[in-house]
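Q: Pasted the sequence and its predicted model underneath.
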Amino acid sequence: GFAPPREFWFKKNDPRFTKELIRKTLIRKEKSSLEIKFENIVNKLNLPYKFVGNGEIMVARKVPDFVDKSGKKIAIEVFYRRHKNLFRGGLEEWKADRIKIFNENGWQIFFFDETQVNEENVKNILGDKNS
């Protein structure tokens, strides 16, 4: 499995936990199978989203998995529910935190868990955002 480098274990308020450090850690991050599946669906549907989970785009030290590449402030998180429930106070707290931070910075954020990454659902939720 993936083990982040030692420096990644700083508390998120630690001044050493910089954007640059976050970016360096994420550069080595491989896309998950779920992120690949999501990317294939948006490409097939010709929706304007690109993977930025490597730290290319950051919103208040948070790195979304995908963003709208046409310039609209739309971010997307793709995740396995079990993984999010194991840490960060659980899934709902993680989502609430993300929503608050992204909204405060003028972004809309959408979440897709492993049961929601399918063509019909992605089209229903994101298809009309770009018309």
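A: Sure, I can see it. All figures in this text were calculated on a predicted structure; none of them were measured in a lab. Residues are numbered from 1 along each chain as shown.
Q: Just the buried residues of stretch 37-52, please?
A: 37-39, 41-42, 47-49, 51-52 (16 or more other C-beta atoms under 10 Å). For every residue, glycine as well, the C-beta is placed using N, CA and C.
Q: can I get those in TSV with secondary structure and distance to residue 77?
A: TSV is the format used below for those (DSSP: H, G, I helix; E, B strand; the rest coil; distance: C-beta to C-beta, whole Å):
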residue	secondary structure	distance to residue 77
37	helix	14
38	helix	10
39	helix	13
41	helix	15
42	helix	14
47	coil	16
48	coil	17
49	strand	12
51	strand	12
52	coil	11
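Q: Which members of those define the maximum pairwise distance?
A: Pairwise distances across the buried residues of stretch 37-52 peak at 18.0 Å for 37 and 48 (criterion: C-beta to C-beta).
Q: ok so, going back, now, which of the buried residues of stretch 37-52 sits nearest residue 108?
A: residue 49 (12.4 Å).
Q: May I have the beta-bridge partners of the closest one?
A: residue 68 (DSSP bridges).
Q: Quick check: the gap between it and residue 104.
A: Residue 49 sits 22 Å away from residue 104, going by C-beta to C-beta, to the nearest Å.
Q: Equivalent analysis for residue 121, please.
A: In terms of C-beta to C-beta, residue 121 sits 27 Å off from residue 104.
Q: Between the two, which is the more surrounded one?
A: residue 121 (13 against 10; other C-beta atoms under 10 Å).
Q: what stretches of this protein score poorly on pLDDT?
A: 1-19, 22-29, 87-88, 129-131 (pLDDT under 70).
Q: Go ahead and name everything in contact with the helix ranked longest in the chain.
A: For the chain, the longest helix by residue count, based on DSSP state H, is helix 91-104. Residues outside helix 91-104 that contact it (C-beta atoms under 8 Å, 6 or more residues apart in numbering): 59-60, 62, 64, 75, 77, 81, 84-85, 88, 108-109, 111.
Q: Just give me the neighbour total for residue 108.
A: Neighbours of residue 108 (other C-beta under 10 Å): 14.
Q: cool, residue 91 as well?
A: Other residues within reach of residue 91, judged by other C-beta under 10 Å, total 19.
Q: So for it, what's the nearest residue that isn't a sequence neighbour?
A: Leaving aside its sequence neighbours, residue 91 sits nearest to residue 84 (C-beta to C-beta, 6 or more residues apart in numbering; 4.3 Å).
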